[in-house]
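> Mind looking at a prediction? Sequence and model below.
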Amino acid sequence: MSSIEIVDNTVSQLSLLLSEKKLSSFEITQAFIDQTNRVDDRVHAFLHLDEKNFLKQAEESDERRKNGKTKGKLDGIPIALKDVISVEGQPLTAASKILENYISPYDATVTRKLKDAGVIIGGRLNLDEFAMGSSTENSAFGPTHNPWNLDCVPGGSSGGSSAAVAAREVPISLGSDTGGSIRQPASLCGVVGMKPTYGMVSRFGLAAFASSLDQIGPFGKTVKDVSLLLEIISGHDPLDSTSFPREVPAYGSLIEDKLEPSVIGLPKEFFGEGMDQEVRDSVDKVIDFYREQGHKIIEVSLPTTELSIPVYYMIATAEASSNLARYDGIRYTSRSKYSENAIDVYAKSRGEGFGEEVKRRCILGAYGLSSGYYDAFYLRAQKTRTLIREDFNRVFDEVDTILTPTSPTPAFKFGEKSDDPISMYLSDIYTISTNLAGLPAISVPCGFTKNRLPIGMQLIGKAFHESELLSIAHAYDREHNFGCESPQLV
Amino acid sequence: MNESETNSMDIDYVSNLARIELTVDEKEKFRGQLGDVLKYFQKLQKVDVEGVEPTAHAFPRYNVWDEDSPKEPYNIDQVMMNAPQSRNNQIVVPKVVED
Amino acid sequence: MKYEAVIGLEVHVQLDTKSKMFTRVPCGFGREPNSLTDCVVLGLPGALPVMNYEAIEKSIKVGLLLGCDIAETCKWDRKNYFYPDMPKNYQISQFDQPICLGGEVEIEMPGETPAVMGKHRNVQLTRIHLEEDVGKLTHYEKDSLVDYNRAGSPLLEIVSEPDLFSPEEVFAYLTSLRNSLVYAGISACDMEKGQLRCDANISVRPEGQQELGTKVELKNLNTISGVKNGVEYEIKRQIRALEKGEEIFQETRRWNPEQKYTTPMRSKEMAHDYRYFPDPDLMPVKINKDWVEKIKKELPEKPFDKQRRFFQEMSLPYSITSALCPDLALCNFFEKANKLANNPQKIANWVVNDLQRELSSKKTDDFQLPIDQSPVSPQNLAELVMLIEKGSISNNVGKELFPEMFSTGKPPSELVKEKGLEVKSDQGEIDSICTQAIEEDQDAAEKFRGGKEGAINALKGRVMKATRGQANPKLVDQTLRRLLS
């Protein structure tokens, strides 16, 4: 099998090829490295790739396999991580100049879990600086390009993670999702991306943006691949006090079980104005598919939807203003050369080290918490967040799953929204409220525009009901496989 | 709080509070953009949140703790590997003005 | 016009836990710089806090000890401000839901003489909350160095009401608080090691005025007497200022212990906009009644309660109890020995005088030998007291023996045997020694016979000298009287 053929395989297929000894982990890893070298000068999904280290891990995996000591289904499968997830001895820049020279001295819990499962970890993937953005244009190291149209954004903030999978540079990747940062880029790049229930995946080792909203989640070409990866990274972690003590089901095999007819809700607030017609048409076909499969489709209402954006931006920026205070030029971040005293070190290092969006959000967040404004902004946002959660609870009394588009539009052009924060914020309208409610949600590719830009649909599940959510997503994905289509990059 | 109080901000005060030095251009740009954002946020002021408990965690739990048994700390190389400036195994900072 | 000072104290106490408040890195003092850190202490990207159970339990214990209301739930807030000693540039603390509310500290003011008990009063507390400590900055000419060993240690802040009215009360408050905390094993409260730190809010007002004057926060009070001196100075400064018609500014001042005056500190810009908000990385704490009851059962008797018991049950004099009671280990030693000898007065005297003297003679650096390492065990002390009481050895022999018990660790009975120090009680032998004494000092014998009672002592002295103090004094007395009658 040539390297170009290898990279088109799903993880499930690669895993089979490995176990049948038709391919080695070394060959697989080399094939993805080759692909990266072919396309990444145009896509720019990677911020860092240590090929030698990558291949060394692959050799170790092959050695394990030879000795019958394989650690599991994904042993020997390569992965790359969004550059906010710590890997010992690897850089972690969060796509920020302020962390340009930082090397992490420790492994995130997900990293440790991947290593324990024998997954080969190589490379750091691009993002909007500190995961703040919806286009990956806010990376201090240059934007990532959408593999389906290099003039378009890949979405964000995990744009490197979605583009790398779409461009076949890795078969799977990890991103983080605070308001849609996995699902929206997955949708724009035509791959599967999932945000688990808040607390299912440990945040230990994830450079925080908004602690009460952040979750790490998987990207892949198929729901099946994403399920296999989720199975590895999920689970209670005593190092993360917000991690939930729950058993992790075998998602990868559970999703193959026969699906019972269920109730799918369509929130009317999501299907109003602002939605691109081609997106609407594609999602309508998904609705038809589920109806034909015997599921009941009903209209539901989430009246707080329009509040989710101000609530989200208030809470997220407030938490971020505090979370990012540690990047100060003192202990491990770059220090301004122009600072004369300690106060200068802070203001100048942060002024020079942070990009515009990060500065804007930190200032907005500090304002919302500041004396005299806390009650009107932060506290009010937290209370409204309660109303948003209650909305979802009420709807989930009636339905098993909520179906929406992932993003109102397909991938947009560079610069289109970068100077208009509100319109950029609005591109997260369908994804944000699930983070506020802590719910699991997945974006599955569901077609293309006539200009061959991918379209994604979003399924939102009940809290901690990942199995059901993945099963219903898999039911569609297995029949359509849009994520397995390749962009013309080679 | 009335509308004019919640849709403008003293950008000098807040950027100083956040310890972020802004250029004159940035200040000008942010003042406009954040003003628009705050206007957009006015929606929040109209929500009836009387008697509603704030959400700090999506799935609140209590008493998440650990036993008091010490583990191995970092060695000094791990501590200093990213330090911009250090001396005698300590981080050097420009003179702190008063305590 | 007469002025009155009103003082409130904020006392920071480092809890004696093995590991830090939000990570399991060990706590410690005097270690290599930056040797007690990890990603959480350093605030690295991705690090997350996890509560230390022991710190919560110890905080509840303090609350119960001081009669506070224990919160049913308390939560964690971030206090945001930038400072190089604080790795995350926010401190995890408790803002509007502290772990303990109210409470009081019983204080004793000095009596007329050290032998007389002073007045007691309860000082009201506002609240107690738990937070994490910051690192340590050392200032040099051109720059400063940061050591994060202390950062993240559990720190309890005990806030009093403005309910103290003189430097002496401040001193009494800190002393009492420290004794209680040490008793309960909360903290060693060593101010030298920064385990107990104190800021004072001080204002003065004309006597009789209800509302408080402008308050000044006083910092850098590093010893208990430093607190007293600093507060004393600051009160005088404020009164002088008011008398001169000057205004008192609300500010933070620093006590300079060498030069003995206070100076204003440059006010931190916007120091008061801390942007508190609930820490999303931590879950709240729920404290149920069972837990509180369990901890209640483990509470030690408070120092002043113990002192009252010693008065009532054992009729010990104030001077002895005031030497005994501030030190729990000393009290425990005393009670153990007393249980065996059942002679509180004598045992207490030995503990407070002789044992303390020997312990402090073993001083290395500044530390006297801790009592739990005393070579004289409570059993050995009890045995000594009983030997004297039975008349097996004289008190003087006992006094001579004690240092030897201390240096050898041997029980007194063994030493008595080794050295042949048993009291001579053989009647025949005593008879002949007494007869000899009367012969040698006919003068004294005549005087006694003539009715001068005191003259017998001269004869007793001769007998004791002849027996190197080992004659049974009672027997000598009886024998002399018989022979002289």
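Perfect, thanks for sending it.
> Wait, C:L475 touches C:S425, no?
Yes. Counting by CB atoms under 8 Å, C:L475 touches C:S425, with 5.8 Å between them. Glycine gets a C-beta too; all of them are placed from N, C-alpha and C.
> neighbour count winner among the two?
Higher neighbour count among C:L475 and C:S425: C:L475, with 20 against 15, using other CB atoms under 10 Å in any protein chain shown.
> For that one, which three-state class applies?
Here C:L475 is recorded as helix under DSSP: H, G, I helix; E, B strand; the rest coil.
> which residues does it contact?
Contact analysis of C:L475 by CB atoms under 8 Å, 6 or more residues apart in numbering or on different chains lists C:425, C:427, C:430.
> just C:G469 next, same as before
For C:G469, the contacting residues are C:394, C:396-397, by CB under 8 Å, 6+ apart.
> Now flag whichever of those is closest to chain B.
Comparing those against chain B with CB to the nearest CB places C:V397 closest, at 50.0 Å.
> Looks to me like the closest one is in a strand.
No. Counting by three-state DSSP, C:V397 is not found in a strand; it is helix.
> Quick one: residues contacting the nearest residue to it once chain neighbours are set aside.
What sits nearest to C:V397 in space, not counting adjacent residues and going by CB to CB, 6 or more residues apart in numbering or on different chains, is C:L421, at 5.4 Å. Counting by CB under 8 Å, 6+ apart, C:L421 touches C:393, C:397, C:401, C:415, C:470.
> at 7 Å what do you get?
If a contact means CB atoms under 7 Å, 6 or more residues apart in numbering or on different chains, then C:L421 has C:393, C:397, C:470 as its contacts.
> Output those in TSV; the columns should cover pLDDT, distance to B:E67 and neighbour count.
As requested, the contacts of C:L421 are exported to TSV (pLDDT from 0 to 100; distance: CB to CB, whole Å; neighbours: other CB atoms under 10 Å in any protein chain shown):
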residue	pLDDT	distance to B:E67	neighbour count
C:I393	83	52	24
C:V397	84	53	23
C:Q470	78	60	17
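> coming back round to it: how about the residue nearest to C:V397, secondary structure?
What three-state DSSP gives for C:L421 is coil.
> ok, back up a step: of the contacts of C:L475, which belong to helices?
Among the contacts of C:L475, the members found in helices (DSSP state H) are C:427, C:430.
> could you pick out which of the contacts of C:L475 are near chain A?
When CB under 7 Å from any CB of the partner chain is applied, no member of the contacts of C:L475 is adjacent to chain A.
> Okay, now the unreliable bits of the chain?
You didn't say which chain, so I picked chain A. Across chain A, the ranges flagged by pLDDT under 70 are A:490.
> not what I meant, chain C
Scanning chain C for pLDDT under 70 picks out C:266-271, C:364-367.
> spatially speaking, which residue is in the middle of it?
C:N179 (3.9 Å; CA atoms, centre = their mean).
> my read: it touches C:P303, true?
Yes. Shown here, C:N179 and C:P303 form a contact pair, counting by CB atoms under 7 Å, at 4.7 Å.
> Next, show the common contact partners of those two.
Common neighbours of C:N179 and C:P303 (criterion: CB under 7 Å, 6+ apart): C:P326.
> Around chain C, which positions in chain B sit nearby?
Applying CB under 7 Å from any CB, we find that chain B lies next to chain C at B:17, B:19, B:56-57, B:60-71, B:73-74, B:76, B:79, B:87-99.
> how many neighbours does A:S334 have?
A:S334: 19 neighbours (other CB under 10 Å).
> Check A:S25 too.
Should you count by other CB under 10 Å, A:S25 turns out to have 27 residues around it.
> What's the separation between it and A:Q90?
19 Å (CB to CB, to the nearest Å).
> same check, this time on C:Q91
Separation of C:Q91 from A:Q90 (CB to CB) stands at 30 Å.
> Which residue comes closest to the closest residue to chain A within chain B once chain neighbours are left out?
Nearest residue of chain B to chain A (CB to the nearest CB) works out as B:A58 at 2.6 Å. Spatial nearest neighbour of B:A58, excluding adjacent residues (CB to CB, 6+ apart): A:G438 at 2.6 Å.
> Who are the contact partners of the one you found?
Residues in contact with A:G438 (CB under 7 Å, 6+ apart) are A:197-198, A:463, B:58-59.
> same question, A:G235
Neighbour list for A:G235: A:V248 [criterion: CB under 7 Å, 6+ apart].
> likewise A:P303?
So A:P303 contacts A:269, A:391 (CB under 7 Å, 6+ apart).
> hmm, back to that, turn the contacts of A:G438 into TSV, columns for neighbour count and distance to A:K450.
Shown next, in TSV, are the contacts of A:G438 (neighbours: other CB atoms under 10 Å in any protein chain shown; distance: CB to CB, whole Å):
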residue	neighbour count	distance to A:K450
A:T197	25	36
A:Y198	27	37
A:A463	20	38
B:A58	23	39
B:F59	16	42
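> The residues you listed into JSON lines, with extra columns for distance to A:G159 and secondary structure?
Output for those, formatted as JSON lines (distance: CB to CB, whole Å; DSSP: H, G, I helix; E, B strand; the rest coil):
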{"residue": "A:T197", "distance to A:G159": "24", "secondary structure": "coil"}
{"residue": "A:Y198", "distance to A:G159": "22", "secondary structure": "coil"}
{"residue": "A:A463", "distance to A:G159": "27", "secondary structure": "coil"}
{"residue": "B:A58", "distance to A:G159": "25", "secondary structure": "coil"}
{"residue": "B:F59", "distance to A:G159": "29", "secondary structure": "coil"}
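> quick one: contacts for the residue nearest to the centre of chain C?
Applying CB under 7 Å, 6+ apart, the residues near C:N179 are C:303, C:326.
> Geometrically speaking, which residue is the centre of the chain?
Picked chain A for this. Nearest to the mean C-alpha position of chain A, by CA atoms, centre = their mean, lies A:I182 at 2.3 Å.
> wrong one, I was asking about chain B
Central residue of chain B (CA atoms, centre = their mean): B:A18, at 6.6 Å.
> In space, what's closest to the residue of chain A most remote from its centre - neighbours in sequence excluded?
Note on chain A: the largest C-alpha distance from the chain mean falls to A:E340, namely 40.2 Å (CA atoms, centre = their mean). Distance criterion CB to CB, 6+ apart; nearest residue to A:E340, sequence neighbours excluded, is B:P94 at 6.3 Å.
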